[in-house]
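Engineer: just need the structure, nothing else, for what follows:
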Amino acid sequence: MNIFTWLDENKDTKKGLLANQLMPIVICIVLFILFVLLTYIFITYLINPSKTEDIKIILRPLDITVGFFLYFVTAVDYALIVGRMQIPNPGAKARVVMNIFTCVGCFVGVSVVLFLWGYAKEISWLILALLIFAGSVMVKLGYEGREYFENRKGVVGFIGKVTAGILKILYYPTRPFTFWIPELGSPKVQKMSLTSLAKWSFFLPFIIGLDDLVGYMGAMTIYNVFGLLFGIYLADILIDILIFVSPKFTKKIVESALLSLLAAYAFIFLAYKSFSEAFHLLHEEHSQSTHAIGLAVYLFVLLIIAADVIIYYLSVKFKWQIK
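Structural biologist: Below is the predicted model of the structure:
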């Protein structure tokens with residue numbers, strides 16, 4: 001019998017429950033060891049030869065702790081989105097695919113930041129583009145999750161309506177950067193193929209790694225890089241274990257209106273961090289004044305409005321179906 005079929009058919013038995021819970025733990029531990037070894041290779045054989053002062057391969061409690069909390073406080077939100085993806089995509093095989101690719105997405109995203117810090121700190125236009133894109137993704141994820149809290153009763157519902165309004169305003173000018181990304185953070189998430197699950201499970205933690213690009217690069221300058229990354233990977237596998245060990249618990253958590261509301265503000269904060277760093281980069285590295293940056297944003301929004309008006313006119317005239 002296929003191992004995944006056995007896991008699904010025996011998920012309510014003692015042996016099946018234990019196997020389903022051990023599976024993500026084993027996967028995470030194996031990947032954690034692999035990521036640490038690859039990071040050692042990257043630093044020792046690719047980055048150190050290009051630097052005047054070698055990065056030391058040491059593990060100090062402070063460096064590990066900083067890396068752990070640096071990633072944990074930002075990655076809880078992507079965990080919520082991945083948890084929502086589990087609901088319409090149940091089964092052991094889907095869980096394994098999401099488990100593996102969320103871990104790999106974190107590793108690749110953080111490794112990109114590592115190489116940018118080691119080689120490409122001066123390529124400001126590349127960092128600028130990454131910051132704007134990452135911030136736009138954060139807005140999109142927060143915007144999609146508004147359905148979990150927008151129409152609830154009581155204080156959560158009132159604050160939820162205000163928050164939803166803020167997200168709608170922020171989403172309008174940022175959607176040209178993310179229109180091609182399917183809905184991942186709303187209750188309307190559809191059942192996906194294993195390939196799609198792998199792709200988007202990889203994409204989310206990858207973007208989390210890029211979203212805190214400047215923060216990571218700053219931390220890499222202050223703390224030992226190897227210890228910092230060790231802590232980041234440790235936080236990632238802990239989050240993944242919490243997501244995948246108990247699908248029932250995950251479902252209950254991700255549908256919480258209060259948690260979804262808090263996550264929305266976390267996404268707004270992460271977007272603010274990305275856009276503010278992009279602003280400072282334009283101001284300091286490219287000598288653009290605040291007035292010039294503000295004017296560029298204003299013209300960009302006007303361009304979006306004009307494009308929407310034209311598309312609406314054409315849709316009415318030619319009876320196009322536009323979602």
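Engineer: tell me where this structure has helices.
Structural biologist: 3-9, 14-41, 61-86, 92-119, 124-144, 154-174, 194-211, 213-222, 225-244, 247-254, 257-284, 290-318 (DSSP state H).
Engineer: can you add distance to residue 53 and mean pLDDT and give those back as CSV?
Structural biologist: C-beta: built from backbone N, CA, C; applies to glycine. CSV is the format used below for those (distance: least, CB to CB, whole Å; pLDDT from 0 to 100):
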stretch, distance to residue 53, mean pLDDT
helix 3-9, 48, 85
helix 14-41, 18, 91
helix 61-86, 16, 80
helix 92-119, 12, 87
helix 124-144, 23, 82
helix 154-174, 40, 88
helix 194-211, 25, 80
helix 213-222, 12, 69
helix 225-244, 12, 89
helix 247-254, 44, 72
helix 257-284, 25, 84
helix 290-318, 36, 89
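Engineer: quick one, domains of this structure?
Structural biologist: 17-285, 289-323 (automatic domain parsing).
Engineer: got the contact list for residue 251?
Structural biologist: Neighbour list for residue 251: 83, 86-87 [criterion: CB atoms under 8 Å, 6 or more residues apart in numbering].
Engineer: next one: residue 220
Structural biologist: Contacts of residue 220 by CB under 8 Å, 6+ apart are 113-114, 117, 228.
Engineer: re the thing from before, which one among the contacts of residue 251 gets closest to residue 217?
Structural biologist: residue 83 (29.0 Å; CB to CB).
Engineer: residue contacts, the closest one?
Structural biologist: Counting by CB under 8 Å, 6+ apart, residue 83 has contacts 243, 250-251, 253-254.
Engineer: quick check: the farthest pair among the residues you listed?
Structural biologist: For the contacts of residue 83, the maximum inter-member distance is 10.9 Å, found between 243 and 251 (CB to CB).
Engineer: roughly how far does residue 17 sit from residue 119?
Structural biologist: According to CB to CB, to the nearest Å, residue 17 and residue 119 sit 47 Å apart.
Engineer: try residue 11
Structural biologist: Applying CB to CB, the value for residue 11 to residue 119 is 46 Å.
Engineer: residue 232 now?
Structural biologist: 19 Å.
Engineer: and residue 11 and residue 119? which has more neighbours close in?
Structural biologist: Neighbours per residue, other CB atoms under 10 Å: of residue 11 and residue 119, the larger number sits with residue 11, 17 against 13.
Engineer: what's near enough to touch that one?
Structural biologist: When contacts are taken as CB under 8 Å, 6+ apart, residue 11 is in contact with 17, 20, 92.
Engineer: the last one: how many residues sit nearby?
Structural biologist: In this case it means residue 92. Residues near residue 92, counting by other CB under 10 Å: 22.
Engineer: what sits against the residue nearest to it when sequence neighbours are not counted?
Structural biologist: Closest residue to residue 92 apart from its sequence neighbours, by CB to CB, 6 or more residues apart in numbering: residue 7 at 3.8 Å. By CB under 8 Å, 6+ apart, the residues touching residue 7 are 16, 19-20, 23, 92.
Engineer: cool, and residue 139?
Structural biologist: When contacts are counted by CB under 8 Å, 6+ apart, residue 139 is found next to 167, 170-171, 174, 178, 267-268, 271.
Engineer: and the furthest pair within those residues?
Structural biologist: Spatial extent of the contacts of residue 139 (CB to CB) is set by the pair 178 and 268 at 15.0 Å.
Engineer: which residue is the nearest non-sequential neighbour of residue 197?
Structural biologist: residue 97 (5.1 Å).
Engineer: check contacts around that neighbour.
Structural biologist: Contact analysis of residue 97 by CB under 8 Å, 6+ apart lists 194, 197-198, 201.
Engineer: again, only using 6 Å
Structural biologist: Residue 97 makes contact with 194, 197-198, according to CB atoms under 6 Å, 6 or more residues apart in numbering.
Engineer: ok, it to residue 82 distance?
Structural biologist: Taken as CB to CB, the span from residue 97 to residue 82 is 11 Å.
Engineer: repeat that for residue 31.
Structural biologist: Going from residue 31 to residue 82 by CB to CB gives 15 Å.
Engineer: tell me the most packed of the contacts of residue 139, by neighbour count.
Structural biologist: residue 267 (29 neighbours).
Engineer: setting aside sequence neighbours, what's the nearest residue to that one?
Structural biologist: Nearest residue to residue 267, sequence neighbours excluded (CB to CB, 6+ apart): residue 142, at 3.3 Å.
Engineer: for the one you found, what are its contacts?
Structural biologist: 167, 264, 267-268.
Engineer: closest to residue 205 out of those residues?
Structural biologist: Once CB to CB is applied, the member of the contacts of residue 142 that ends up nearest residue 205 is residue 267, at 14.4 Å.
Engineer: right, and the closest one touches residue 141 too?
Structural biologist: Yes: between residue 267 and residue 141 there is a contact under CB atoms under 6 Å: 5.4 Å.
Engineer: ok, the contacts of residue 139 vs residue 43, which is closest?
Structural biologist: Nearest member of the contacts of residue 139 to residue 43, counting by CB to CB, is residue 271, at 30.8 Å.
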